[in-house]
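>>> build me a model from this:
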Amino acid sequence: MSTAFENSILSDGSRAQSATTGYLIGPVWDFLVLGGGSILPLLLVMYWWPQGADTTPLLASTLLVANLINHPHFAHSYQLFYRDFRARGFGDRFPASLRWRYLFAGILVPLLLAAFFAYCIATRDTLLLGRAVNLMLFLVGWHYVKQGYGMLMVDAVLKRNFFDPADKRWLLVNAYAVWITSWLLVNRTLAVHNYWDLKYYTFGIPDSMMWLAWLIVSATTALMLRVMWKKLSAWRHKTVPLNGAIAYLVSLYLWLLVRHPAMLLVIPAFHSLQYLAVVWRYRLNIERQTDADQRRLFRGRGPWPGFALFLFLGTVLGYLGFWMAPMYLDSWVDYDKALFGGALFMFIFWIFINIHHYFLDNVMWRKNNPDTRRYLFGG
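Below is the predicted model of the structure:
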């Protein structure tokens with residue numbers, strides 16, 4: 001999520017209805033799905049699976065949850081992004097700058113990723129192929145902090161309690177500082193690791209760089225806390241974005257800076273829930289605002305059947321993209337399994353979808369995207 005939300009609602013005629021509700025779902029559900037609901041489970045995971053403990057049962061459980069939460073969250077981004085793609089990328093309903101972003105993320109990025117993987121396979125360059133994992137980890141941190149910041153902005157908009165531009169800059173600076181530090185930590189703690197039977201390599205991080213990163217995080221955290229205190233201490237006079245603040249803090253500090261092996265297996269599910277809270281509201285508003293005459297399958301039945309179909313298709317597409325298609329290709333395509341391992345296409349599909357997802361989100365949730373104004377805050 002980007003900085004779109006606070007600015008976008010100001011020019012949207014439907015803002016009054018959203019402002020009166022003040023929540024994406026409701027006060028308790030917003031707390032749970034935006035990040036607060038992850039605190040106790042993650043602490044329990046740390047307790048039950050201390051460092052060095054066997055995490056196989058936990059891994060099996062998280063893979064099951066992934067089919068219901070993580071993978072649909074990726075699929076939903078494709079469903080929303082490519083909906084009316086021709087009109088968005090080639091029509092005149094969007095400004096030229098936004099059309100180019102749609103074309104870049106929707107066409108050029110997947111072509112570049114496909115060319116990269118094809119080159120690695122043709123040249124048998126497993127070292128370069130493994131670097132794609134590090135790129136994914138780099139973008140994961142960026143995605144987490146941007147989404148955490150976005151949740152805070154969403155909550156501030158819904159509460160009609162906006163942040164000053166200077167305060168938003170400090171919140172972003174702190175988010176980026178935590179992001180870079182988390183990526184340095186990954187490279188610091190891992191040298192060689194396996195991802196779907198392929199080795200990937202990290203970069204050596206000197207002590208001086210790590211100390212500098214922590215110093216910057218400490219300084220920007222102090223400034224962030226000052227911003228938060230100024231905003232949240234006004235609770236006696238106006239409704240404050242408490243759930244958004246929790247989402248911001250949890251996304252940055254608990255999900256990215258606590259490097260516990262067992263927690264790392266569980267965190268993606270909570271990140272996906274945070275994303276789904278926004279996406280489901282967005283899609284439900286699409287169904288609500290769609291003229292009844294345009295509902296071909298569920299004419300006269302209201303928004304819920306179409307929304308249920310959206311959820312069902314997201315689950316099916318997630319399973320196809322993360323499991324069925326790559327498993328089929330790994331079984332039927334002849335490649336050097338001694339060199340690339342036995343799950344080359346599983347590796348490629350998982351990396352491809354993860355990286356592409358970040359580019360899609362960076363276009364969909366921009367402040368100048370009219371669909372954000374219309375559907376996220378439209379009901």
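>>> report the buried residues of stretch 156-173.
Within stretch 156-173, the residues that count as buried by 16 or more other Cβ atoms under 10 Å are 156-163, 167-168, 170-172. In this view, the C-beta of every residue, glycine as well, is placed from N, C-alpha and C.
>>> quick one: distance of that stretch to the chain centre.
20 Å (Cα atoms, centre = their mean, to the nearest Å).
>>> now do stretch 58-68
Worked out by Cα atoms, centre = their mean, stretch 58-68 lies 18 Å from the chain centre.
>>> give the buried residues for it.
Buried-residue list, stretch 58-68, by 16+ other Cβ under 10 Å: 58, 62, 65-66.
>>> stretch 311-322 now?
311, 314-315, 317-319, 321-322.
>>> what sits against residue 108?
Residue 108 is in contact with no residue at all, counting by Cβ atoms under 8 Å, 6 or more residues apart in numbering.
>>> pretty sure it sits in a helix.
Yes: counting by DSSP: H, G, I helix; E, B strand; the rest coil, residue 108 is located in a helix.
>>> nearest residue to the middle of the chain?
Geometric centre of the chain, nearest residue: residue 143, 5.3 Å, by Cα atoms, centre = their mean.
>>> pretty sure that one sits against residue 360.
No: applying Cβ atoms under 8 Å as the test, residue 143 and residue 360 come out as separate, 10.8 Å apart.
>>> quickly find the element holding residue 140.
For residue 140, the element it lies in under DSSP states H and E is helix 126-158.
>>> name the residues that touch the helix or strand just after that helix?
Next helix or strand after helix 126-158 toward the C-terminus (DSSP H and E): helix 165-189. With Cβ under 8 Å, 6+ apart as the test, helix 165-189 has contacts from 3, 6, 134, 137-138, 141-142, 144-146, 148-149, 152-153, 163, 202-205, 209-210, 213-214, 216-217, 220-221, 223-224, 227, 230-231, 248, 252-253, 256-257, 259.
>>> can you give me the offset of helix 165-189 from its chain's centre?
Worked out by Cα atoms, centre = their mean, helix 165-189 lies 16 Å from the chain centre.
>>> could you check the angle helix 126-158 makes with it?
On the basis of axes from the mean of the first three to the mean of the last three Cα atoms, to 10 degrees, helix 165-189 is oriented at 150 degrees to helix 126-158.
>>> if we can go back for a sec, rebuild the buried residues of stretch 156-173 as CSV, extending it with pLDDT and distance to residue 354.
Below are the buried residues of stretch 156-173 laid out as CSV (pLDDT from 0 to 100; distance: Cβ to Cβ, whole Å):
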residue, pLDDT, distance to residue 354
156, 91, 29
157, 86, 28
158, 87, 29
159, 88, 32
160, 86, 35
161, 87, 34
162, 88, 32
163, 92, 30
167, 95, 31
168, 95, 27
170, 96, 29
171, 97, 25
172, 96, 23
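>>> how many residues are close by residue 354?
19 (other Cβ atoms under 10 Å).
>>> nope, residue 226 is what I was after
12.
>>> next: residue 126.
19.
>>> doesn't residue 336 make contact with it?
No: between residue 126 and residue 336 there is no contact, the gap being 10.0 Å when judged by Cβ under 8 Å.
>>> could you tell me how far the one helix or strand residue 262 maps to lies from the centre of the chain?
Per DSSP H and E: residue 262 is located in helix 261-289. The chain centroid and the centroid of helix 261-289 are separated by 8 Å under Cα atoms, centre = their mean.
>>> now for the helix or strand just after it, which elements pack on it?
In the C-terminal direction, the helix or strand that comes right after helix 261-289 (DSSP H and E) is helix 304-319. Counting contacts by 3 or more Cβ pairs under 8 Å, 6 or more residues apart in numbering; DSSP states H and E, helix 304-319 is packed against helix 71-81, helix 261-289.
>>> report the buried residues of the following helix or strand past helix 304-319.
Downstream of helix 304-319, the first helix or strand assigned by DSSP H and E is helix 325-332. Neighbour counts over helix 325-332 (16+ other Cβ under 10 Å) mark 326, 330 as buried.
>>> run through who's touching helix 325-332.
Applying Cβ under 8 Å, 6+ apart, the contact partners of helix 325-332 are 342-346, 348-350.
>>> just want the angle from that helix to helix 304-319.
30 degrees.
>>> related to what we said a few turns ago, pull out the buried residues from the contacts of helix 165-189.
3, 6, 134, 137-138, 141-142, 144-146, 148-149, 152-153, 163, 202, 205, 213, 216-217, 220-221, 224, 227, 231, 248, 252, 256.
>>> assign a three-state SS to residue 52, would you?
Assignment for residue 52 (three-state DSSP): coil.
>>> return the distance of it relative to residue 111.
43 Å (Cβ to Cβ, to the nearest Å).
>>> centre of the chain versus stretch 250-270, how much separation?
Using Cα atoms, centre = their mean, the offset of stretch 250-270 from its chain centre is 13 Å.
>>> what's the end-to-end length of it?
End-to-end distance for stretch 250-270, by Cα to Cα, to the nearest Å: 10 Å.
>>> report the buried residues of that stretch.
250-252, 254-256, 261-263, 265-270.
>>> quick one: contacts of that stretch?
Counting by Cβ under 8 Å, 6+ apart, 35-39, 41-42, 45-46, 48-49, 51, 53, 55, 58-59, 62, 65-66, 69-70, 141, 144-145, 147-149, 151, 174-175, 178-179, 181-182, 185-186, 189, 271, 274 sit against stretch 250-270.
>>> narrow those residues to those that are buried.
For the contacts of stretch 250-270, buried by 16+ other Cβ under 10 Å: 35-38, 42, 45-46, 49, 55, 58, 62, 65-66, 69-70, 141, 144-145, 147-149, 151, 174-175, 178-179, 181-182, 185-186, 271, 274.
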